[in-house]
Each structure stands twice: as C-alpha cells, then as structure tokens.
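J.: coords please:
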Amino acid sequence: MRIDIDAFNVLQVLVEEGSFSKASERLHKAQSAVSYQVKKLEQHLGVTLFNRDHYRAELTPEGKVILAEGQRLLQHLANIEHLASRFSQGWEPKLELVIDGALPMEPIMSALKLMSEHNIPTKIQLNMEFLGGVQHRFERDQADLMLVKDYRTGPSYHPKPLPTITSVLVASPMHPLSQLHNISLPELQQHVELTIEDSSPGKRARDEMQFGGDKVFYLSGFIMKKNALLKGLGFGWMPDFLITEELANGQLAQVDFIGGNRFSFTPQLVSTLERPLGRAGQLFTELILQEFALYQQQQTGFSGTGLG
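T.: Okay, here's the model as predicted:
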C-alpha cells in the first residue's frame, strides 16, 4: 500500500488547529474522514503520530519527525507541479551555451542576469572554449547556442551577427619590439609569440592570425596571456576590451608591424535547426543581442575604441 501524500497535509492542519473538529472544518471534510485518514497513515507506518490523551491534538516525538519529512515531501511535490506547469508553457528543462573566450563576458553576464529575473524553470549551463573547441563542444554536447568567433558553417546552422570586436597586436614596453618601427614579418618571427591554445581535442588547429614563427607559447586563456604580455614574455593579439586600461597607462604598447596591428572580426550567435530553441533559448537570444548592442554603445562612448 502506498502512502497517502495528502495525509501529511492533514497532519499539518491538525497541528495548526489543535483538534480534529477544527481541522475537519478547515479541510471541508467530515471529522470521521480526517480521523480515518490519520489512523490509516499510522497503521501503514506502524507508528503512533498523535497523542490522543490530551485535549489538544499533539504530535508524538515520532510524529514530529515524520511530519517534518512529510512537509519536505509536499514542498518537493509543489516544486514538481510548478516546474511541470512552466515546462508545459514551452520552457525547456535545460539551456546549454558554449562561449568563445575571446568575447566580452560583461554583456553575456548581463543577459544571464536578466534571464534569472524572469524566474524561469530552465537550468542554464555555460561553457567556455577557445577557437575550434567552441564548435567541437557545441556539436559534441548537442548544445543549444554558441557564441563564436569563427566556425565551419553548414545548412542547419542559423547565425545572428554580434557587434564587431577589435584585437590589437601588443607587447610590454620592456619588450624589444616596442622599441622598433615598421617591423617586418621576419623580424616579428624572431620573437616569442603568445597565442591561445585551441581547446578542441586532437591535432591543434592553427589560428589564422598567427605569424608562423617557431617561437610560440600556447596559453589556455586570455587572463594568462595578458599576464604573460605584461611580464614581457612575448607579443600577441589581445581583444582591446581586455587591455583598454593597460594601453591607456602604458603597461602595454601597440607593436608597429608593417602588416598592421589591428584586426576586427564579427562574432556570431549560432543555433542549429536540428535542435530548435525553446522559450528560454529564444529569450536568451533576444537578451544577448540587446546587451551586446548596449555594450557596444558604452564602449564607443567611453573610449572611442573597442567594439566597432
């Protein structure tokens, strides 16, 4: 015989009202029905829940423990009913995002904060990868969205462009390259290049913006790369939103390469028609486009550089 879940609600009302008669009035049940429901639960559990020797209906010590567990069970059931109701309204159980570490986190976190304020039932998982690792994880994990710098397109992919991001070729002012002008490619290749390691498994893909020298240090993220640049370990490309302050105060300097020391790219917010977005994915898409546009305006107004 299964436990009557509603019996725990009856126990709670009995404790609050203090008598079977008052509890039956509140529950709109006959007093005999309330008594029978409690007695049936006691028989099923093999435990006396109420001390019936007192005027007021009082729980036994065992009854207090069982009621506490029953209250937790009722709360879990209420949560399940709430989630089921939200899911029936089109909210997906989980939304998985894969983000390229070359993109600014501020608008992404702002979009996620706005998502949380909608009190949606969807669990959100955010993963960060670099270069080819973004698309690899998107496909391997069957994620819902990727915010990516470059990717191999296909007929099922549905991209939305984000504001342009500019990267700057920099080095520490202590680095020999900072003292040179009109630097040629062979001159550049004599020095250590700092680059981000492709996080996809297998053979390392070469970043198309690498300079092709033999002296290359592969780093696992832009924070590490920035620290290496500040230490004068080498030169490399950095998204300018990550080094605005360092360029302004002279901690980093632009490298005067004859091929140019700036390049821009347009990241994409990509979904796939094979996994149509639910309400949470559609809401995130709307919010991320909004927050990137606001971020672009703030960056342009603040420094005149950054997101283009």
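J.: contacts, neighbours, all on C-alpha from now
T.: Fine.
J.: residue contacts, residue 170?
T.: By C-alpha atoms under 8 Å, 6 or more residues apart in numbering, the contact set of residue 170 is 229, 235-238, 252-255, 261.
J.: Next, the residue in the chain sticking out farthest from the centre: secondary structure please.
T.: Note on the chain: the largest C-alpha distance from the chain mean falls to residue 53, namely 56.4 Å (C-alpha atoms, centre = their mean). When classified by DSSP: H, G, I helix; E, B strand; the rest coil, residue 53 comes out as coil.
J.: oh, and call the first residue 48 from now on, that's how I've got it
T.: Okay, residue one is now 48; in that scheme the one you just asked about reads as residue 100.
J.: So which residue is dead centre in this structure?
T.: residue 173 (3.2 Å).
J.: Would you enumerate the residues in contact with residue 172?
T.: Contact analysis of residue 172 by C-alpha under 8 Å, 6+ apart lists 141-144.
J.: Can you name the element that comes right after the helix or strand it falls within?
T.: Remark: residue 172 resides in strand 170-176, with elements defined by DSSP states H and E. Sequence-wise, the next helix or strand downstream of strand 170-176 (DSSP H and E) is helix 179-187.
J.: Neighbour-wise, which one of the contacts of residue 172 leads?
T.: residue 144 (24 neighbours; other C-alpha atoms under 10 Å).
J.: re earlier: distance check, the residue farthest from the centre of the chain against residue 198.
T.: Distance, residue 100 to residue 198, by C-alpha to C-alpha, to the nearest Å: 75 Å.
J.: Check residue 305 too.
T.: With C-alpha to C-alpha as the criterion, residue 305 and residue 198 are 28 Å apart.
J.: Compare neighbour counts for those two and give me the winner.
T.: residue 198 (17 against 11).
J.: so what's that one closest to, chain neighbours aside?
T.: Leaving out its chain neighbours, the residue that sits closest to residue 198 by C-alpha to C-alpha, 6 or more residues apart in numbering is residue 182, at 6.4 Å.
J.: burial count for the one you found?
T.: Neighbours of residue 182 (other C-alpha under 10 Å): 27.
J.: can you map out the helices along the stretch 198-347 of the chain?
T.: 232-235, 269-277, 291-295, 326-350 (DSSP state H, counting those that start in this stretch).
J.: And the second one, how far out from the chain middle?
T.: Averaged C-alpha coordinates place helix 269-277 at 24 Å from its chain's average position (C-alpha atoms, centre = their mean, to the nearest Å).
J.: Equivalent analysis for the last one, please.
T.: Here helix 326-350 is found 16 Å from its chain centre; the criterion is C-alpha atoms, centre = their mean.
J.: do the same with the third one
T.: The chain centroid and the centroid of helix 291-295 are separated by 28 Å, computed with C-alpha atoms, centre = their mean.
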